[in-house]
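Student: fold the following for me, if possible:
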Amino acid sequence: MAPLLETLSTLSTPFIAVCCAIHLCLFLALWWAYRRDLRVIAGTLDAFTRDLKPRSVLEPTAHLADQIDAFLADVNEVLENPNRTADRASLLERMQILDEKRSYLQSMGFDTSYNLCRNMIESYPLMGILGTILAIGVVLQGGPDSEPTVGLLVTRFGEAIWSTFAGLVAAVGLMFLNSMLETPFTRLSESRLNVRDTVLRAKRVLSLPDGAGGTP
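Tutor: Reported below is the predicted structural model:
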């Protein structure tokens with residue numbers, strides 16, 4: 001048992017470092033997926049509302065999430081105004097092409113991956129403490145002819161405390177990164193939901209006789 005505990009104790013700090021590196025890569029992958037889905041949704045809605053007059057046109061430097069909100073506002077304005085017959089006909093024609101079930105509107109995979117990455121940050125301090133406890137356990141386990149001494153305990157604890165330090169540093173760094181990503185990731189999920197709701201509402205309103213119905 002003692003050799004196993006010593007091996008686990010020795011590998012605890014490198015293990016935390018490797019897990020942290022993988023965690024960073026996952027956050028980068030989520031950021032890439034976020035930017036891709038945001039561009040696709042904004043591009044689709046831009047094409048969807050292109051024939052509406054008037055139409056909200058934002059600056060090229062505007063955030064894609066703001067563009068999505070503007071496109072949705074244009075669609076809702078048409079749905080709430082039964083006098084815009086031409087725009088309603090255009091929306092109905094394009095609605096037959098736009099499908100709210102497209103993969104980029106499905107948020108389950110993205111949300112699940114992000115929740116996993118966010119919640120796993122809490123495990124790093126625990127892994128660091130576990131590495132420190134394992135190092136102390138190596139001394140206490142000892143062999144049949146060895147007796148743990150205070151000096152040996154202090155020496156091993158001084159070496160093993162780096163495991164706790166690595167866990168805390170990893171947790172603090174990842175928490176800071178998560179704080180920067182949480183708002184845009186949450187807004188993407190909200191944009192997906194708003195797009196789905198708006199498309200469903202548009203289909204329901206425009207499917208009424210003569211496109212009438214106003215606000216349901």
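Student: quick one: the helix or strand of the chain with the lowest mean pLDDT to chain centroid distance?
Tutor: Lowest mean confidence among the helices and strands of the chain (mean pLDDT, DSSP states H and E): helix 85-95, at a mean of 74. The gap between where helix 85-95 is centred and where its chain is centred comes out at 34 Å by C-alpha atoms, centre = their mean, to the nearest Å.
Student: could you do stretch 24-31 as well?
Tutor: Taking mean C-alpha positions (C-alpha atoms, centre = their mean), stretch 24-31 and its chain are 9 Å apart.
Student: contacts for that stretch?
Tutor: 110, 113-114, 117, 174, 177-178, 181, 185 (C-beta atoms under 8 Å, 6 or more residues apart in numbering). (Each C-beta comes from the backbone N, C-alpha and C, glycine too.)
Student: so which pair among those residues is furthest apart in space?
Tutor: Spanning the widest gap among the contacts of stretch 24-31 are 110 and 174, at 18.3 Å by C-beta to C-beta.
Student: and residue 84, its phi and psi?
Tutor: Backbone torsions of residue 84, given as degrees, to the nearest 10, read phi -90, psi 70.
Student: for it, which non-adjacent residue is closest in space?
Tutor: Spatial nearest neighbour of residue 84, excluding adjacent residues (C-beta to C-beta, 6 or more residues apart in numbering): residue 78 at 5.3 Å.
Student: what number of residues lie near that neighbour?
Tutor: Neighbourhood size, residue 78 [other C-beta atoms under 10 Å]: 21.
Student: and it, what pLDDT?
Tutor: You'll see residue 78 listed with a pLDDT of 77.
Student: who's in contact with it?
Tutor: 52, 84, 87-88, 91.
Student: neighbouring contacts of the helix or strand hosting residue 114?
Tutor: Using DSSP states H and E, residue 114 maps to helix 108-120. Applying C-beta under 8 Å, 6+ apart, the contact partners of helix 108-120 are 23, 26-27, 30, 33-34, 37, 178, 182, 185, 188-189.
Student: quick one: pLDDT of residue 172?
Tutor: pLDDT, read off for residue 172, is 94.
Student: nope, residue 50 is what I was after
Tutor: 69.
Student: go on, the one 10 residues further on?
Tutor: At residue 60, the pLDDT value in this model is 55.
Student: in this structure, which residue is most central in space?
Tutor: Using C-alpha atoms, centre = their mean, the residue of the chain that lies closest to the mean C-alpha position is residue 114, 3.5 Å off.
Student: which SSE is immediately downstream of the host helix or strand of residue 19?
Tutor: When secondary structure is defined by DSSP H and E, residue 19 falls within helix 2-48. Next helix or strand after helix 2-48 toward the C-terminus (DSSP H and E): helix 64-80.
Student: for that following helix, buried residues please.
Tutor: 64-65, 67-72, 74-75, 78-79 (16 or more other C-beta atoms under 10 Å).
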